[in-house]
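S.K.: from the sequence below, what's the structure:
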Amino acid sequence: TTNIATASGKDNLDKPVTGTDTKTVTVLDPKIKVVKTADKSEVHAGDQVIYSYAVTTDGSATPLKNVTLVDDKCQSVSAPTKTGGDQDALLEQGETWTYSCTSTLQTTTTNIATASGKDNLDKPVTDTDQATVVVPKPAIKVDKSADKAEVKAGGEVVYTYQVSNKGDTPLLNVTVTDDKCAPVKYESGDTDKNEVLGLEETWTFTCTTTLKETTENTAVASGEDRTGQPVEDTATAKVIVP
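M.R.: Next up, the predicted model:
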């Protein structure tokens, strides 16, 4: 605000006189903005994620000093790379300060970045942004059964395999193999017909063979999540040939 003061009066002959002066007071409007991104939205457990943080004054013309960036779950935040300005210690309009931090994730993680600074009257300003990176926990389960517990030599046995998703993410490329029966054939269960084993689905497979002796065989169900992380489970069944 710039305002004008006016003083006026008259001499003893009633001649008016005036005088003016102006004064400007600057009202600061400090702002800060942080935008956080991750280089991956989904990773395996134990994989690294690189977070990037772009910090600006969010259009404010007020320069900021003592600018810092912290992340509540990533400790080694880099020094800033400064673009668009004079490379001094003030974050000014038109500049972007970019930070980064690398973290190894074991579980799905949402973390929060906080950018802070002060104007030249030491008024603090802050802004936050967050990013979520998913760490899937895939798991598969197979239950195997035989239609007979005992057969004569040369008798036919039909094995049934129930395959379900016991993790928290859909599974791709689901297959079942049996070390003593082939081929194992898919029968039903893919309710949405997308060839992805969903969390609520159970797929049924079968295999038919002829036994000449008591046989215990092992089925292996396998698949992978969207990141390519493999999973498998095994189950056995024993049929007696007296």
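S.K.: can you pull up the most central residue in this structure?
M.R.: Taking Cα atoms, centre = their mean, the centroid of the chain lies closest to Val133, which sits 1.6 Å from it.
S.K.: now name the helix or strand holding it.
M.R.: Following DSSP states H and E, one finds Val133 within strand 124-133.
S.K.: Ser103 too?
M.R.: Ser103 is part of strand 96-104, with elements assigned from DSSP H and E.
S.K.: okay, angle between that strand and strand 124-133 too, please.
M.R.: Calculated by axes from the mean of the first three to the mean of the last three Cα atoms, to 10 degrees, strand 96-104 forms an angle of 40 degrees with strand 124-133.
S.K.: paired strands for strand 96-104, with orientation please.
M.R.: Paired with strand 96-104 in the same sheet, following DSSP bridges, are strand 48-56 (antiparallel), strand 81-83 (antiparallel).
S.K.: per-residue confidence averaged over it?
M.R.: For strand 96-104, mean pLDDT is 98.
S.K.: distance from the chain centre to that strand, please.
M.R.: 16 Å (Cα atoms, centre = their mean, to the nearest Å).
S.K.: again, but for stretch 36-43
M.R.: On the basis of Cα atoms, centre = their mean, stretch 36-43 sits 6 Å off its chain's mean C-alpha point.
S.K.: distance between the ends of that stretch?
M.R.: Using Cα to Cα, to the nearest Å, the end-to-end distance of stretch 36-43 comes to 18 Å.
S.K.: what about the closest residue to Val142 other than its chain neighbours, is that helix, strand or coil?
M.R.: Using Cβ to Cβ, 6 or more residues apart in numbering and skipping the chain neighbours, the partner closest in space to Val142 is Ala221 (3.6 Å). Yep, even glycine has a C-beta here, placed from its N, CA and C like the rest. Applying DSSP: H, G, I helix; E, B strand; the rest coil to Ala221 yields a three-state assignment of strand.
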